[in-house]
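S.K.: here is a sequence with its predicted model. Questions after.
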Amino acid sequence: MGAEISRDFGDEPVLLLGVLKGATIFLSDLARTLTLNASFDFLGVSSYGKGAKSSGAVRLTKDLDESVQGKNVILVEDILDTGLTLNYLKKVLSAHQPRCLKIAALLDKPSRRVQPVHADYVGFTIEDVFVVGYGMDYAERYRNLRDICILSQI
């Protein structure tokens with residue numbers, strides 16, 4: 001994925017915009033594979049709370065530290081699920097007029113899609129299972145697992 005992003009942007013710098021908290025480890029690993037100049041910023045959103053199912057309501061919990069206007073922005077997400085969060089963030093970010101807005105998702109779970117959304121860069125497509133580890137959690141637990149694991153007893 002890093003090679004594809006580097007090829008697509010050439011010498012142009014990008015802003016990797018991580019969605020907290022789940023995308024932090026993925027963003028870190030992705031950034032180290034890029035051969036171009038990349039800076040970081042983070043947004044916090046919540047749609048799950050302490051449960052395993054999306055509440056359907058997305059709220060911003062941490063805003064940007066810097067302007068995205070005129071920048072090449074890659075929104076980095078751990079998992080593309082219902083589409084609610086990414087559609088919300090695309091709308092919010094587009095209002096700030098980035099030069100370019102792309103989405104990079106480690107995992108895509110299309111069977112759960114409620115709203116249509118397309119990621120420009122996808123690591124893996126998965127079935128409708130609840131996953132934890134590598135930054136992803138259940139009630140703030142399991143983020144530190146090295147691997148992505150299926151949580152079967154919720």
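M.R.: That came through fine.

S.K.: neighbouring strands - and their directions - for the worst-scoring helix or strand of the chain on mean pLDDT?
M.R.: Lowest mean confidence among the helices and strands of the chain (mean pLDDT, DSSP states H and E): strand 59-62, at a mean of 88. Strand 59-62 pairs in its sheet with strand 38-46 (antiparallel), by DSSP bridges.

S.K.: ok, which stretches of this protein are strands?
M.R.: Assigned strands in the chain, in chain order: 14-20, 38-46, 59-62, 72-80, 100-108, 121-125, 131-132, 149-150 (criterion: DSSP state E).

S.K.: how about the nearest residue to Leu60, chain neighbours excluded?
M.R.: Val45 (5.9 Å; C-beta to C-beta, 6 or more residues apart in numbering). Quick note: C-beta positions are derived from backbone N, CA and C, even for glycine.

S.K.: look up how far Ser6 lies from that neighbour.
M.R.: For Val45, the distance to Ser6 (C-beta to C-beta, to the nearest Å) stands at 27 Å.

S.K.: in this structure, which residue is closest to the centre?
M.R.: Glu77 (0.8 Å; C-alpha atoms, centre = their mean).

S.K.: thought that one was touching Val19?
M.R.: Yes: using C-beta atoms under 8 Å, Glu77 is in contact with Val19, at 4.8 Å.

S.K.: point out where this protein drops to low pLDDT.
M.R.: 48-56, 154 (pLDDT under 70).

S.K.: repeat that with 90
M.R.: 46-61, 63, 152-154 (pLDDT under 90).

S.K.: which residue of it sits farthest from its center?
M.R.: Distance-from-mean max, the chain, by C-alpha atoms, centre = their mean: Gln153 at 24.9 Å.

S.K.: with adjacent residues omitted, what lies nearest to Ile103?
M.R.: Using C-beta to C-beta, 6+ apart, the closest residue to Ile103 is Ala119 (4.4 Å).

S.K.: Asp108 is in contact with that neighbour, correct?
M.R.: Yes: counting by C-beta under 8 Å, Asp108 is a contact partner of Ala119 at 6.1 Å.

S.K.: now the common contact residues for the two.
M.R.: Counting by C-beta atoms under 8 Å, 6 or more residues apart in numbering, the shared contacts of Ala119 and Asp108 are Leu80.
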